[in-house]
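using only what follows, build the 3D model:
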Amino acid sequence: MQEDFPNIKITHIDLDLQKLDSVKQCSKEIFQKFPQGVDVLALNAGVAMLDDYATGDGYDVQMQTNHLSHFVLVKDLYPLLEKKSFEKGESRIVHMTSENRVKPNCVLDSSYFGKNGGNLGGNKWGMFMNGPVVKRYQQSKLATCSFHYMLDDKLRSKGSKVKTVLAHPGLTQSNMTDDAKSKHWMLRLASKLVRQTTEDGSMSFIHAMCSLDVQSGDFYGPKEKVFGPVSKVKPEKRLTENKQMCWTESCKVDGDFVL
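Okay, here's the model as predicted:
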């Protein structure tokens, strides 16, 4: 990026989402280096279809990486986002979910939020990708959605100018599931049928970050679900039905998140 845009300033800060100590240290460094505030917090990093094992903190590796550490990061950095919103009229928290948020179509389960890593079903995929490997990923991406909608409720109740926005990429030629393709025929088939480049898949997230017409609570993805131009997504019922539980369980990781 520096080569393509030589006049921009890039500041690197280490962050390992599978270590809560790293998340806390990252927040501390951001406060030190950007005391003037944060315009956009882009929560894009994630993992997919990993075996059933715990992080060093005891949580499922997918739930901690894809949701719990992001929750802690938002909680810690919210004062900087609010500060920038006072100056600029808005700031944004942008979350990345997945088509797997409702595939398999399971309700959000509190057991996936606790220190149960390594004890959440094992490493079976299921004939049609409905086994525990995929369910753990689904739970983490459904949690991302529930967090977004509960956060929007709280931001609106407070009258905050901070916006929370949700996006998903559709089906893209990402390397995120390269290791998993050898383990299930549906992933191999999907990789042959995929219609989007990684750049195309990133457009909904970029839209959520940068477009002027974005409102808090919005959800964006490809128009045809797995490909196509960016369009607003109507959330499935699953995304909001357990949002309070999602918030309550997430707060157990690092204390209450009070806006």
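
just the helices from the stretch 51-200 of the chain, written as ranges.
Remark: helices assigned in the stretch 51-200 of the chain by DSSP state H, counting those that start in this stretch are 61-63, 69-88, 132-158, 185-193, 198-201.

looking at the fourth one now, give me its mean pLDDT.
Per-region confidence: helix 185-193 scores 61 on mean pLDDT.

also the second one?
When the per-residue pLDDT values of helix 69-88 are averaged, the result is 98.

the last one too?
Looking at helix 198-201 alone, the average pLDDT works out to 90.

quick one: buried residues of that helix?
Across helix 198-201, burial judged by 16 or more other CB atoms under 10 Å covers Asp200, Gly201. In this view, the C-beta of every residue, glycine as well, is placed from N, C-alpha and C.

now do the shortest one
Applying a neighbour-count criterion of 16+ other CB under 10 Å, one finds Val61, Gln62, Met63 buried in helix 61-63.

all strands of the stretch 1-150 of the chain, in order?
Using DSSP state E, counting those that start in this stretch, the strands of the stretch 1-150 of the chain run over residues 40-43, 91-96.

where in the stretch 151-259 of the chain is pLDDT low?
By pLDDT under 70, the low-scoring segments of the stretch 151-259 of the chain are 174-195.

apply 90 and report the result again.
Within the stretch 151-259 of the chain, the stretches with pLDDT under 90 are 170-198, 223-227.

quick one: the strands in it?
Under DSSP E, counting those that start in this stretch, the stretch 151-259 of the chain gives strands at 162-167, 219-222, 230-232.

tabulate those in a markdown table, adding columns for distance to Leu41 and mean neighbour count.
A markdown table is the format used below for these (distance: least, CB to CB, whole Å; neighbours: other CB atoms under 10 Å):
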| stretch | distance to Leu41 | mean neighbour count |
| --- | --- | --- |
| strand 162-167 | 9 | 26 |
| strand 219-222 | 17 | 23 |
| strand 230-232 | 20 | 16 |
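
and Gly131, which of those strands is closest to it?
Ranking the strands of the stretch 151-259 of the chain by proximity to Gly131 (CB to CB) places strand 219-222 first, at 25.1 Å.

one step back: can you redo the strands of the stretch 151-259 of the chain as CSV with distance to Val72?
As requested, the strands of the stretch 151-259 of the chain are exported to CSV (distance: least, CB to CB, whole Å):
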stretch, distance to Val72
strand 162-167, 16
strand 219-222, 23
strand 230-232, 29
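
closest to Asp256 out of those?
Per CB to CB, nearest to Asp256 of those: strand 162-167, 17.8 Å.
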